[in-house]
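>>> Predicted structure and sequence below. I'll ask about it afterward.
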Amino acid sequence: MASKTEVYIAGVGLSPAPSAGSSAKPYITYMVSAATKALLDTGVTFDDVTRSVTSSNRNTLKHGLKVSQAFYEGNIPVDEVESGAELESSFSLIKDQGAPCVLMVAIEKTSAVAFVLVSDDFLWSRPYLKDSAARLRQSDRPKSGSQENRELDSLCQAVWSLRGWTDTKGKAAKSAFSYQSSTTTFELSRADSKSIPEWKDVQYKQDGKHRLGYNPATEDREISYEDFEAVCAVRKRNSTQKDWNHFRRKDGDRAALARL
């Protein structure tokens, strides 16, 4: 039986995908990059994640566990689901099974995409998320035949738009967005039910873009080793991390969670 909790997207991350035919290692690296961005955007570490969801296709088969192991030394349940069903599966883990925080990572045609989905209790125990999270609800509307809004990177853009991070010049104001998974239509709106702010009102707000160090709605940057290290679980962060030297070192200013 479904719980009464709402489901929210608290953080998103987007990284360019490796070229077709690449070995497994680049795919895992870009999935870890996207996940790092989503965790930084949320302002949490992998210690807060209770479940992980990845797509099981020819590019990411068996990669979900390796991605989780990059951040965490223990065992965390990893669900590898059919490509296109990642969002619905993550939604169900929170809505139907009571998971408080789910990290979802997938590979699209041109990008690796990650989302941190959370429950009511998780969201409201972290007040800084209340005006940046997006409420995710299943819609009763029938699926359309259009391919529009079926790519997960479009869902990232919708979250950023709801926060007021995108350029609104000439754009019709929208208080809600829709997204179609392989089987379900979802509606997306601001968690605080407020109207979308203008960029000038959020430009200097200390939120996900502050933790990332840039606005991901308008530019893309590679993560640093310090970014990655900042969101690892404590035990993993304190280890030597010999297997993860794929990201450049920033030096000086250690990333992001310290700026929260």
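Here it is on my side, so go on.

>>> Show me the longest helix that occurs in this structure.
Ranked by number of residues, the top helix in the chain under DSSP state H is helix 24-42.

>>> show me the contacts for the nearest residue to Y8 once chain neighbours are set aside.
Leaving aside its sequence neighbours, Y8 sits nearest to A133 (CB to CB, 6 or more residues apart in numbering; 4.3 Å). In short, each C-beta sits where N, CA and C put it, glycine included. With CB atoms under 8 Å, 6 or more residues apart in numbering as the criterion, the residues that contact A133 are 8-10, 118, 123, 190-191.

>>> tally of neighbours for the residue lying closest to A70 once chain neighbours are set aside?
Closest residue in space to A70, ignoring its immediate chain neighbours: V32 at 4.9 Å, by CB to CB, 6+ apart. Residues lying near V32 (other CB atoms under 10 Å) number 26.

>>> If I look at V32, what pLDDT would I see?
For V32, the pLDDT comes out at 93.

>>> cool, S19 as well?
For S19, pLDDT reads 63.

>>> Over to R150?
According to the model, R150 scores 70 on pLDDT.

>>> One more: A10?
98.

>>> ok, now how distant is it from T42?
Distance of A10 to T42, computed by CB to CB, to the nearest Å: 5 Å.

>>> okay, and the common contacts of these two?
Common contacts of A10 and T42 (CB under 8 Å, 6+ apart): 116, 118, 129.

>>> Neighbours of the last one, how many?
Close neighbours of L129, defined as other CB under 10 Å, add up to 24.

>>> That one: what's it in contact with?
Contact analysis of L129 by CB under 8 Å, 6+ apart lists 8, 10, 42-43, 118, 123, 191.

>>> Return the backbone torsion pair for it.
Here is the backbone geometry of L129 (degrees, to the nearest 10): phi -90, psi -10.

>>> before we move on, what about S182?
As for S182, its main-chain torsions (degrees, to the nearest 10) stand at phi -70, psi -30.

>>> how far away is the closest residue to it other than its chain neighbours from D96?
In space, and not counting its chain neighbours, S182 is closest to G84: 3.3 Å by CB to CB, 6+ apart. Between G84 and D96 the computed distance is 19 Å (CB to CB).
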